[in-house]
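Asks: quick check, what structure comes out for this input:
(chains A and B)
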Amino acid sequence: MTTVQGQVELVVASGKGGVGKSTLTSTIALVLAKHGYRMVAADTDAEAPNLHLALGVNTWDTVEDYLEGRIAYIREDKCTQCGVCAEVCVYGAVEVVNGKHRINPYICEGCLTCSLACPEKAIRYRFKIKAGEIRVARRTRYGFPLVSGEITPGRPNSGKLVTEVKNKAKEILGGDGIVLIDAAAGIGCQVISSLTGAKIGVLVAEPTPASLSDLKRIHTLTRHFMIAPMLVINKYDINEEFVSEIEKYARENNIPIIAEVPYDDNVPKALSQLKPLVEAYPNSPASKAMIEAAEYIATEVFPDWKKWWSKYKPKKPAPYIPIIK
Amino acid sequence: MPSGPKAIVSVTGGKGGTGKSFVATNLAVLLSERISNGLVLADLDVEAPNDHILLGVGDPLNVIEIEIFFPKIDYKKCTSCGACVKACDTGAIIMAQGRPPFVFPRLCSGCMACYYVCPEKAIARDGKRVLGYIRTYRVERNGKSFMLVSGTIREGEEHTPPAIVATKRHAMNMSRGLLLVDTGAGTGNGISAAIQYSDLVIAVTEPTPLGLHDLESILKIVSGMGYRSWVVINRHGIGPEEEHVELAKQYGVERIYRIPYSPIVPRAYSRGMPIVEYAPDDPASKALEELARDLAVELEGKLGVAGVVGA
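Replies: Prediction:
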């Protein structure tokens, strides 16, 4: 076993979706395992969890229901159709169907506002809602465990589930080692939960203006959490003229670029076979470049991640300043 | 539902990067040529909005703040009873032993439960916090134009659904014809809020097991909410799609479209040009045109025959 200083979270994030986070995460996982690191992989994209597919996991050792929150409903016998609930719901969950108010269960956040505002006390709640599942594969084909969370479609607060998934991963890891986190697209609740507590960030971008825009947003968040970032430019050859723009941003912000990965037909092919890219096509161009990135992490970052973190951490955290009026 | 648009069509998909914004922006351009008035495109991917980049638009006509309620506590009236702390669903209000309640702005979703529950009326109604911004652009194309309404949350904010709802309301108020909605990735209640009141939902997927997995989640929401759906298989040709077709049938999807994989797409992206303008003869552009044509025919009834030109 290769030792790591303490328990450390490594997060793979991009802001933009579909840039290759899960394929890259699977590569990093396999390479770290090959180097003998103690590690647990955690899929924290609870609204669209895909890491298990990229790792070829199709059975789970445990599947736990995640019970969270409540869903409001209107008691028709008490409701006078006054419409106060519809006015106060900031989620727009109250609809009028055939002249009657009803709460759309796919939108209801479960806050108490409508029931508190209802003059007829006509709103009740269903509790113990199955808001999602937490799934564990104790031992993947590659030795390390995988923890994955998935929300029930239409449920809120996926960030809370993400925190549970991470806690589970840390519990399984037990002592020292790496929690490898595959984050969701975006920069909201789920992603903030994924980044909280992480020290090292692998950012992924493709050479398009949209991806650069999202990279800047996710990078601001990693700065807030004092995460030391590195960058992988994926599909660099789909639009080579824009690569320099991404490189320029990385240079100006002290983000080391650890690999530039070409577009490769073998990536979707490997996914279709439910195999990690590096296992299905180890010599393909994308495999080689992603392995290079993963080897960097295994040999340059983790032997002494505190040193690496000190070198690349933000100078000071990007502050969150609320605007209150 | 505010009276505004005559029809709402939403583009969603579950997985990120399948081409939701690609389909939505190209459809907006194609439909603006066919629909005589009032097309509004709403970018409700408030965490990572990109439609303005894909359309290469300049400065917005205006920027407004998305304001949500924020509890300002009048400590002269507050008796530290703790009712607000109990009612708060997001854990935004805390009360240390013997101290009056304190609000963490970032955790607050602005739901107002604390305002309604406070027995002392110690929380002001008019406190506000800025969650993000709504930018409105005019997109000019070949003498035709449409409006793009783009919502965005401030970096560091985590409550996306209120920003999605606010942006959608703004777009609905502006729309008098077709409202085209582009959602973010995901399958949570923010996505349900984005597609609410749709006459038709277009789910964009890709021929990979990942696309398939997330397509199922999104179709569960769409069918559960009782909306009609079409599926677009983007990057057609990169992998098998039999299971996608089977799944679509199972969930009552009415039609399936295929947009062939095209290496031109990212180049068009980079120039801020929809592919239907950058490479109108590309097979991907032809597929998008077919989809737009069928959509125009489909919407004829809702928008009125006069609203649809040359359908």
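Asks: next one: the longest helix belonging to chain B, is it in contact with chain A?
Replies: Determined from DSSP state H, the single longest helix within chain B is helix B:283-303. No: Helix B:283-303 is not in contact with chain A by C-beta under 8 Å from any C-beta of the partner chain; minimum separation 14.0 Å. C-beta here means a position set from N, CA and C on the backbone, and glycine is covered the same way.
Asks: what helices or strands is that helix leaning on?
Replies: The elements that helix B:283-303 packs onto, with contact taken as 3 or more C-beta pairs under 8 Å, 6 or more residues apart in numbering or on different chains; DSSP states H and E, are strand B:7-12, helix B:20-34, strand B:200-205, strand B:255-260, helix B:275-278.
Asks: what inclination does it have with respect to helix B:20-34?
Replies: Angle between the axes of helix B:283-303 and helix B:20-34 is 60 degrees (criterion: axes from the mean of the first three to the mean of the last three C-alpha atoms, to 10 degrees).
Asks: what angle sits between helix B:283-303 and strand B:7-12?
Replies: Angle, helix B:283-303 to strand B:7-12, by the same axes, to 10 degrees: 150 degrees.
Asks: other residues contacting helix B:283-303?
Replies: Helix B:283-303 has contacts (C-beta atoms under 8 Å, 6 or more residues apart in numbering or on different chains) with B:6-7, B:9, B:23, B:26-27, B:30-31, B:34-35, B:177-178, B:199-200, B:202, B:232, B:236, B:255, B:257-262, B:264-265, B:275-276, B:279, B:307-308, B:311.
Asks: for the residues you listed, which ChimeraX command selects only the ones that are buried?
Replies: To isolate the buried members of the contacts of helix B:283-303 in ChimeraX, using 16 or more other C-beta atoms under 10 Å in any protein chain shown:
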select /B:6,7,9,23,26,27,30,31,34,35,177,178,199,200,202,232,236,257,258,259,261,262,265,275,276,279,307,308,311
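Asks: ok, which stretches of chain B are strands?
Replies: In chain B, the segments counted as strands under DSSP state E are B:7-12, B:40-44, B:62-69, B:72-73, B:93-94, B:102-103, B:123-124, B:128-141, B:144-153, B:178-183, B:200-205, B:229-236, B:255-260.
Asks: gap between the last one and the chain center?
Replies: Distance of strand B:255-260 from the chain centroid (C-alpha atoms, centre = their mean, to the nearest Å) equals 21 Å.
Asks: give the pairing partners of that strand; include direction for each.
Replies: Strand pairing for strand B:255-260, determined by DSSP bridges: strand B:229-236 (parallel).
Asks: next: the first one.
Replies: In the sheet containing strand B:7-12, its partner strands are strand B:178-183 (parallel), strand B:200-205 (parallel), by DSSP bridges.
Asks: just say which of these is most tucked in.
Replies: Of the strands paired with strand B:7-12, the one with the most neighbours on average (mean count of other C-beta atoms under 10 Å in any protein chain shown) is strand B:178-183, at a mean of 29.
Asks: neighbouring contacts of that one?
Replies: Contacts to strand B:178-183, defined as C-beta under 8 Å, 6+ apart, come from residues B:4-13, B:20-21, B:24-25, B:27-28, B:31, B:35, B:38-45, B:51, B:168, B:171-172, B:191, B:194-195, B:198, B:299, B:303.
Asks: circling back to that earlier point, and the longest helix of chain B, which residues are buried?
Replies: B:283-285, B:287-288, B:291-292, B:295-296, B:298-299, B:302-303.
Asks: okay, and the helix or strand of chain B with the least pLDDT?
Replies: Using mean pLDDT, DSSP states H and E, the weakest-scoring helix or strand in chain B turns out to be helix B:265-270, at a mean of 84.
Asks: quick one: terminal-to-terminal distance for stretch A:35-43?
Replies: Start-to-end span of stretch A:35-43 (C-alpha to C-alpha, to the nearest Å) is 21 Å.
Asks: ok, and what's touching it?
Replies: A:1-2, A:4, A:22, A:25, A:29, A:32-33, A:49-52, A:55, A:140, A:144-149, A:165-166, A:168-170, A:172-173, A:175-182, A:298-299, A:302.
Asks: now do 7 Å
Replies: A:1-2, A:4, A:29, A:32-33, A:49, A:51-52, A:144-149, A:165-166, A:169, A:172-173, A:176-182, A:298, A:302 (C-beta atoms under 7 Å, 6 or more residues apart in numbering or on different chains).
Asks: same deal with stretch A:60-68?
Replies: A:128-138, A:157, A:160-161, A:164.
Asks: so how far is stretch A:257-267 off the chain centroid?
Replies: In terms of C-alpha atoms, centre = their mean, the centre of stretch A:257-267 is set 21 Å apart from its chain centre.
Asks: list the buried ones in it?
Replies: Buried residues in stretch A:257-267, counting neighbours by 16+ other C-beta under 10 Å, are found at A:Ile257, A:Ile258, A:Ala259, A:Glu260, A:Val261, A:Tyr263, A:Asp264, A:Asn266, A:Val267.
Asks: near chain B, which residues of the stretch 151-300 of chain A are found?
Replies: Counting by C-beta under 7 Å from any C-beta of the partner chain, the stretch 151-300 of chain A comes close to chain B at A:151, A:153-156, A:158-159, A:185-189, A:192, A:208-210, A:213-214, A:217, A:220-221, A:224, A:238-239, A:242, A:268-269, A:271-272, A:274.
Asks: which of these are buried?
Replies: In those, burial by neighbour count holds for A:151, A:153-156, A:158-159, A:185-189, A:192, A:208-210, A:213-214, A:217, A:220-221, A:224, A:238-239, A:242, A:268-269, A:271-272, counting by 16+ other C-beta under 10 Å.
Asks: so which of these sit within strands?
Replies: Short answer: those in strands (DSSP E) are A:Ile151.
Asks: from the buried ones among the residues of the stretch 151-300 of chain A next to chain B, which land in helices?
Replies: By the criterion of DSSP H, membership of those in helices covers A:158-159, A:189, A:192, A:209-210, A:213-214, A:217, A:220-221, A:224, A:268-269, A:271-272.
Asks: hey, what's B:Ser229 bridged with?
Replies: Under DSSP bridges, the beta-bridge partners of B:Ser229 are B:Val201.
Asks: these two touch, right, it and B:Val222?
Replies: Yes: the pair B:Ser229 / B:Val222 is scored as a contact, 4.9 Å apart, by C-beta atoms under 7 Å.
Asks: overlap in contacts of these two?
Replies: B:Val201, B:Ala203.
Asks: and these two? which has more neighbours close in?
Replies: Using other C-beta atoms under 10 Å in any protein chain shown as the criterion, B:Ser229 and B:Val222 rank with B:Val222 on top: 28 against 22.
Asks: of the contacts of stretch A:60-68, just say which sits nearest to B:Pro119.
Replies: Sorting the contacts of stretch A:60-68 by distance to B:Pro119 puts A:Asn157 at the head of the list, at 27.5 Å, by C-beta to C-beta.
Asks: is it true that that closest one touches A:Ala46?
Replies: No: using C-beta under 7 Å, A:Asn157 makes no contact with A:Ala46, being 9.6 Å away.
Asks: return the distance of the worst-scoring helix or strand of chain A on mean pLDDT from the chain's centre.
Replies: Lowest mean confidence among the helices and strands of chain A (mean pLDDT, DSSP H and E): helix A:266-272, at a mean of 93. Computed by C-alpha atoms, centre = their mean, the chain-centroid distance of helix A:266-272 equals 21 Å.
Asks: name the helices or strands packed onto the helix or strand just after it?
Replies: For helix A:266-272, the following helix or strand on the C-terminal side (DSSP states H and E) is helix A:277-280. Other elements packing on helix A:277-280 under the criterion 3 or more C-beta pairs under 7 Å, 6 or more residues apart in numbering or on different chains; DSSP states H and E are helix A:21-34, helix A:266-272, helix A:285-296.
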